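*Asks:* Sequence and computational prediction follow.
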Amino acid sequence: MKVTTMPKIGVLALQGDFREHLASFERLGQRAQMVRTVEDLAQVDALVLPGGESSVIDRLSRNYGLADPIKDRIAEGMPVYGSCAGMIMLADRIENPAIARDGAVQQSFGGIDMTVKRNAFGRQVDSFEHQLDFNGDTLEAVFIRAPEAVQIGPDVEVISTVQAGPNDGQGRIVAVRQGKLLATSFHPEVTGSTAIHQFFINLTRGDA
């Protein structure tokens, strides 16, 4: 699908903080819409996967018949940004997937050659803020039950790392990019900063 100079961005609105992402794009004057059906997905040029519960997003996307169409669009080159739970959904591999009562193992949409660890920085009570560099911008990032990229492939670019503890070495990977796919383990949509949303808009236009 050809992307226009004003790409139509969708935000997956099955669960999580999709409204905050919509508000971030609105502040930038960028049109965005909720995606809840296959028909909605067909109308957008790019997609945002919001923070929330990745296992719930996985289950609902399959129940609504969206999982395979999203995977297909990713394979076709659709730009996608995932924050927190969305980062997990963009990972090719999940180190510690959730397992449902019926034994079903959590799945992801995939697309980025990385392995992620869910809740890598601890539980809800371990949430924290951390100042980091993102593509030359200094951001105050909010981490809430955040995942971490524990392994990446050769085509994955590391954009941001954090040292959340004395034993973190060179830093823990919290923002990555592979082609038109972007993922952060933190929540830019809850801070009021629009730097990452603008970066994603530029990416959809081929300017990043």
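*Replies:* Now that the structure is in, tell me what you want to look at.
*Asks:* only C-alpha atoms for contact and neighbour calcs from this point on.
*Replies:* Noted.
*Asks:* Phi first, then psi, for the most centrally placed residue in the chain.
*Replies:* Nearest residue to the geometric centre of the chain (C-alpha atoms, centre = their mean): residue 82, 1.0 Å. Summarising the backbone geometry of residue 82 under the convention degrees, to the nearest 10, its torsions are phi -120, psi 130.
*Asks:* so where do the strands sit in this protein?
*Replies:* For the chain, the strands defined by DSSP state E cover 9-12, 32-35, 46-49, 80-83, 91-94, 112-117, 128-134, 137-143, 148-152, 157-162, 172-178, 181-184.
*Asks:* mind putting those strands in a markdown table, mean pLDDT included?
*Replies:* Listed next are the strands of the chain as a markdown table, based on pLDDT from 0 to 100:
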| stretch | mean pLDDT |
| --- | --- |
| strand 9-12 | 98 |
| strand 32-35 | 96 |
| strand 46-49 | 98 |
| strand 80-83 | 97 |
| strand 91-94 | 97 |
| strand 112-117 | 97 |
| strand 128-134 | 85 |
| strand 137-143 | 87 |
| strand 148-152 | 95 |
| strand 157-162 | 93 |
| strand 172-178 | 95 |
| strand 181-184 | 97 |
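*Asks:* For residue 190, which of these is the nearest?
*Replies:* Each of those was checked against residue 190 via C-alpha to C-alpha, and the shortest separation belongs to strand 137-143, namely 7.6 Å.
*Asks:* how far off strand 172-178 does the closest one point, in degrees?
*Replies:* Using axes from the mean of the first three to the mean of the last three C-alpha atoms, to 10 degrees, one finds that strand 137-143 and strand 172-178 are set 120 degrees apart in direction.
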